[in-house]
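Chemist: Structure of the sequence below:
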Amino acid sequence: MAYPDVINLPFNGVSIREGFVAVKPDEKEPEGQGFWAIMQKNALVVTGGENGLSLPEGERPAWLLPAKEPICIGMWQGRPLRTAAIDSGVILPPPFTAESLNAIKECLDDRLLTLGGLAHQVLQWERQSAVCSRCGGEMARIFGSWGKKCLACRYEHYPHIHPCVIVLIKRGEEFLLARKAEWAKGRYSLVAGFVDFGESLEECVHREVEEEVGIKVKNVRYVGSQSWPFPSQLMTGFVADYASGAICPDGTEIEDARWFCCQDMPESLPARRSIARWIIDRFALKQRL
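Modeler: Residues are numbered from 1 along each chain as shown. Alright, predicted model coming up:
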């Protein structure tokens, strides 16, 4: 298996640790040509070649006309890595293509996924923090961080990371998987949801499971986490045991939910880049990772 431990999953920093050095926005921008992490919505612009897909590099592409100047987010393989967003209507000339970070078919390797995820989160934060959300005032960067301070009301803003839980529910050799109506036909995954006010992660597991599929769980235990840049989430993974109740999908978020086993699997599972699949493989299918 590709990921012996949850920390090795794409979008987590370990995937790029060997070649990436972060650069804060108030530091002096490195000079010279480098690499480009250009986002078109949730897709990373890459170029194809004999060695597969890679980031564009060198001079600024002629078709890159971002609304704002590119931002240097770090050094990649000893050269500057700059990020920018382009409109969805931009037609990319060959050999450039835009590959979705969350595509069903996994075309991007772990490093490209992680660099694209990082760029996507930075650009999302830059859009959200263009003006103060309290008073609409002008924002200035806080030294040494991605934070910003309003020059009018002085309120400090920092990047918004949204904690979520995702949980595998076990009942003996069976495990519960659920599906949303908007997913591809036959695809099932784990119950998941955002942490609410005044909740611990474990309390969120209990609430989300009961709200979405109508059952109660026990023995909730943490198994790992993953940065999930859609747009800026932190997925915290759990395994829990079935306690009581009959499955009753909420009909809003969850279209269907049922018990599966290794001999009776759904048509489609989450992509291997996700913590959902890692949890299913390790704790439901008991594959050796």
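
Chemist: mean confidence score for the helix or strand where residue 124 lies?
Modeler: Using DSSP states H and E, residue 124 maps to helix 110-128. On average, the pLDDT along helix 110-128 is 96.

Chemist: So what touches it?
Modeler: 2, 10-13, 15-16, 19-20, 37-39, 42, 44, 46, 53-55, 68, 71, 73, 76, 81, 83-85, 99, 101, 108, 146, 159-160, 227, 229, 231-232, 273 (CB atoms under 8 Å, 6 or more residues apart in numbering). To be clear about C-beta, it is placed using only N, CA and C from the backbone, and glycine gets the same treatment.

Chemist: got a list of what residue 155 touches?
Modeler: Counting by CB under 8 Å, 6+ apart, residue 155 touches 132, 134, 135, 149.

Chemist: Now that we have those residues, which of them are buried?
Modeler: 132, 149 (16 or more other CB atoms under 10 Å).

Chemist: Which members of the contacts of residue 155 occur in strands, if any?
Modeler: Among the contacts of residue 155, the members found in strands (DSSP state E) are residue 149.

Chemist: From the contacts of residue 155, pick the one nearest residue 215.
Modeler: residue 134 (41.2 Å; CB to CB).

Chemist: Do I have it right that the closest one meets residue 150?
Modeler: Yes. With contact defined as CB atoms under 8 Å, residue 134 counts as touching residue 150 (6.7 Å).

Chemist: still on that earlier bit, can you give the strand pairings for the following helix or strand past the helix holding residue 124, parallel or anti for each?
Modeler: Once helix 110-128 ends, the next helix or strand along the chain (criterion: DSSP H and E) is strand 139-141. Under the criterion DSSP bridges, strand 139-141 sits next to strand 148-150 (antiparallel) in its sheet.

Chemist: can you list contacts of the strand it pairs with?
Modeler: Here strand 148-150 has contacts from 129, 132, 134-135, 137-142, 155-157, using CB under 8 Å, 6+ apart.

Chemist: average pLDDT across it?
Modeler: Average pLDDT, strand 148-150: 97.

Chemist: Same check on stretch 155-172?
Modeler: Average pLDDT, stretch 155-172: 97.

Chemist: and if you look at stretch 246-262?
Modeler: 96.

Chemist: got the end-to-end distance for that stretch?
Modeler: End-to-end span of stretch 246-262 (CA to CA, to the nearest Å): 21 Å.
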